[in-house]
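>>> Starting from these lines, generate the structure:
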Amino acid sequence: MFKRFILAAAIAAATFSVAAKSVPYRIDPNHTQVEFSWNHFGFSHITGRFDKVEGTFLFDPADPTQSSVEVTIPISSIDTGVDDLDEHLRSADFFDEEKFPTATFKSTKVERVDEDQLKVNGDLTIHGVTKPVVLDVTINRVGDHPIAKRAAAGFDAKLTIKRSDFGVAKFVPNVSDEIAIEITTETMVPKPESKQPEGTQPADKK
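Residues are numbered from 1 along each chain as shown. Prediction:
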């Protein structure tokens, strides 16, 4: 009886381990925005965004603390709506895109605050400098996407950084050192790739 109990427990543990494993979700670039804002000489609060976000996301809906994310943002995708300002921000005065073409974030730990709130700890790299940061994350919705009919999850995130910590200190303090960052994203389990049956060839196009 004892041996049967141990065997059953081992099988149950193995089954749980597989079921609870995080699975890949794809970041939907059409429904993902990374916006940032700053104070300009005390007169205005300017906003900008990055138009491209690339990365990998492993998500466990049953236990989000087992999830992880890595994101890369091309500096070339910066967009404030003002061409001259975009060019200046990409220059050596600020992001120095020629030397540091990307910004990256890699999570190191996910903590649950309550049912819909997480704290995502990770390493943020900007301008070649890496610093630990914490994102305050809200789980918007987890479930099947009504159109794609696949598992999906949506999140909002916020953090504030000091740009001088990353070696981007031009015009501080007149142009604010603190930069507020807001992120919203939809993610989805990738669509299964169709496989061509072995021994068959695709039909010729006519």
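>>> Please enumerate the helices of the chain.
2-19, 83-90 (DSSP state H).
>>> Those: lowest mean pLDDT?
The stretch with the lowest mean pLDDT among these is helix 2-19, at a mean of 39.
>>> mind saving the C-alpha coords of stretch 138-146 as CSV?
Once non-C-alpha atoms are left out, stretch 138-146 reads as follows in CSV (Å, rounded to 0.1, in the frame of the first residue of the first chain):
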residue,chain,number,x,y,z
THR,A,138,-1.8,45.0,-13.9
ILE,A,139,-3.2,41.8,-15.4
ASN,A,140,-6.0,43.1,-17.7
ARG,A,141,-7.4,39.8,-18.9
VAL,A,142,-6.4,36.2,-19.4
GLY,A,143,-8.5,33.9,-21.6
ASP,A,144,-9.3,32.8,-25.1
HIS,A,145,-9.1,35.7,-27.7
PRO,A,146,-12.6,36.2,-29.1
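>>> State the distance from residue 53 to residue 106.
Distance of residue 53 to residue 106, computed by C-beta to C-beta, to the nearest Å: 14 Å. All C-beta spots, glycine's among them, are computed from the backbone N, C-alpha and C.
>>> go on, residue 183?
Taken as C-beta to C-beta, the span from residue 183 to residue 106 is 15 Å.
>>> and if you look at residue 85?
As judged by C-beta to C-beta, residue 85 and residue 106 stand 29 Å apart.
>>> and what of residue 125?
To residue 106, residue 125 is 8 Å away according to C-beta to C-beta.
>>> cool, and residue 41?
Remark: distance between residue 41 and residue 106 (C-beta to C-beta) = 34 Å.
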